[in-house]
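Novice: Fold the following for me, if possible:
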Amino acid sequence: MRAQRLLFFIHCFKEQITNEALEHHYHTTQGTDSFAEALSYFPEPESYRLDGEEYLEHLQRVKGAVDIPVIGSLNGVSTGGWIKYAGKIEEAGADAVELNLYYIATDPDVEGARLEDDYIDVLKAVKPEVKIPVAVKIHPFFTSIPAMASRFLEAGANGLVMFNRFYQPDIDIENLRVKSGISLSHTGTSHLAQRWISILYGRVNLSMAATGGVHTAADAIKLLMAGADATMMCSALIKNGIDYLETVLDYITTWFKKHDYVSISQVKGSMSQKSVAEPAAYERALYLKELTGYHM
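Specialist: Numbering: from 1, shown residues only. Have a look, this model is predicted:
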């Protein structure tokens, strides 16, 4: 028995398919005039090489090569012509679309409520373009994640992917410049998604997927017990190779048998906070317990 279904994600950035790269350049360089060296951290618009047609062809090839669901991922921050590309992703054979809302707010004059409205507007613009499910990949920095989850549901989202991990630039103090670099996740990274999936499970009628920090079978099982419908693994496969996935699945199968589980539904949400009347009070109690019980 395979404890979890496999999914395949293919990412596409709006800068690859429209002329909105200048808008992206504006958004990502807001505020950098106060630190000139920071300008070199962000890619120039012409650095996006893959065009939209190549992406669609790649998606079609993947879909024809595997018998697992294939999800196309659109990465953008605003409404515009690029949104109609979601329909082309569906035509290419994708089983669902992930709307990856990656935006770093740097303008102090733009209030959080406006940014939240922008996210909802993008979802509302994408949803009519496709018949397949649409999931929204979000960051963990909303003032109220449950409230935003409810808004996404009302706007037509079928699922949430938690969480987007903003890449952090570093500073080279010898050469006086900002340097870029991708830091792979680690096992502990998944605790954030685990916490919020546990809180939202049974309270918001959305499918939930966890991403970031899924490195072992135990990581995947914990997220399933919190209430996740899917867990995403990337960094672990980069480190260990694609064959590592078979090791993870074998362990999950063994774990299910060891604990006498015969279906995923028995496990999913079994350790969530669904039965807790006041999750906020529960979280506060856990916080106090950890602090008062900690010893060096």
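
Novice: start to end distance for stretch 141-149?
Specialist: Stretch 141-149 has its terminal residues 13 Å apart, counting by CA to CA, to the nearest Å.

Novice: Figure out how far that stretch is from the centre of its chain.
Specialist: 15 Å (CA atoms, centre = their mean, to the nearest Å).

Novice: what about the helices in the stretch 1-150 of the chain?
Specialist: Here the stretch 1-150 of the chain has its helices, by DSSP state H, counting those that start in this stretch, at 21-28, 52-65, 85-91, 112-126, 145-154.

Novice: Can you name every helix or strand that the shortest one contacts?
Specialist: Under the contact criterion of 3 or more CB pairs under 8 Å, 6 or more residues apart in numbering; DSSP states H and E, helix 85-91 touches helix 52-65, strand 70-76, strand 96-101. To be clear about C-beta, it is placed using only N, CA and C from the backbone, and glycine gets the same treatment.

Novice: pretty sure Val161 contacts Ala96?
Specialist: No: assessed by CB atoms under 8 Å, Val161 is found out of contact with Ala96, at 10.6 Å.

Novice: Give the residues shared as contacts by the two.
Specialist: Contact with both Val161 and Ala96 is made by residues Ala135, according to CB atoms under 8 Å, 6 or more residues apart in numbering.

Novice: List the residue ranges of the chain that fall below the pLDDT cut-off.
Specialist: Along the chain, the model assigns pLDDT under 70 to residues 1-51, 77-78, 275-296.

Novice: ranges for the strands of it?
Specialist: Using DSSP state E, the strands of the chain run over residues 8-13, 70-76, 96-101, 134-138, 159-162, 170-172, 177-179, 207-211, 230-232.

Novice: Turn those into JSON lines, columns for mean neighbour count.
Specialist: What follows is the strands of the chain, written out as JSON lines (neighbours: other CB atoms under 10 Å):
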{"stretch": "strand 8-13", "mean neighbour count": "19"}
{"stretch": "strand 70-76", "mean neighbour count": "23"}
{"stretch": "strand 96-101", "mean neighbour count": "23"}
{"stretch": "strand 134-138", "mean neighbour count": "24"}
{"stretch": "strand 159-162", "mean neighbour count": "24"}
{"stretch": "strand 170-172", "mean neighbour count": "12"}
{"stretch": "strand 177-179", "mean neighbour count": "15"}
{"stretch": "strand 207-211", "mean neighbour count": "23"}
{"stretch": "strand 230-232", "mean neighbour count": "22"}
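
Novice: Now tabulate those in TSV and tack on distance to Leu245.
Specialist: Listed next are these as TSV, based on distance: least, CB to CB, whole Å:
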stretch	distance to Leu245
strand 8-13	11
strand 70-76	16
strand 96-101	20
strand 134-138	21
strand 159-162	19
strand 170-172	31
strand 177-179	32
strand 207-211	15
strand 230-232	12
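
Novice: right, so of those, which gets closest to Phe152?
Specialist: strand 134-138 (5.3 Å; CB to CB).

Novice: circling back to that earlier point, of the helices of the stretch 1-150 of the chain, which stretch is the most buried?
Specialist: Comparing the helices of the stretch 1-150 of the chain by mean neighbour count (mean count of other CB atoms under 10 Å), helix 85-91 comes out on top with a mean of 19.

Novice: give the contact list for the residue nearest to Leu200 when sequence neighbours are not counted.
Specialist: Computed as CB to CB, 6 or more residues apart in numbering, the closest residue to Leu200 that is not its neighbour in sequence is Ala149, at 5.7 Å. By CB under 8 Å, 6+ apart, the contact set of Ala149 is Leu160, Leu200, Val204, Leu206.

Novice: go on, Ile120?
Specialist: With CB under 8 Å, 6+ apart, Ile120 has these contacts: Arg151, Phe152, Ala155.

Novice: make it 7 Å
Specialist: Arg151, Ala155 (CB atoms under 7 Å, 6 or more residues apart in numbering).

Novice: same question, Gly202
Specialist: When contacts are counted by CB under 7 Å, 6+ apart, Gly202 is found next to Gly269, Ser272, Lys274.

Novice: Among these, name the buried ones.
Specialist: Gly269, Ser272 (16 or more other CB atoms under 10 Å).

Novice: Distance check, Ser207 against Asn158.
Specialist: According to CB to CB, to the nearest Å, Ser207 stands 6 Å off from Asn158.

Novice: Check Asp121 too.
Specialist: Per CB to CB, Asp121 is found 18 Å from Asn158.

Novice: For Glu54, give its distance to Lys127.
Specialist: Relative to Lys127, and taking CB to CB, Glu54 is found at 26 Å.

Novice: what do you get for Asn175?
Specialist: Counting by CB to CB, the gap from Asn175 to Lys127 is 46 Å.
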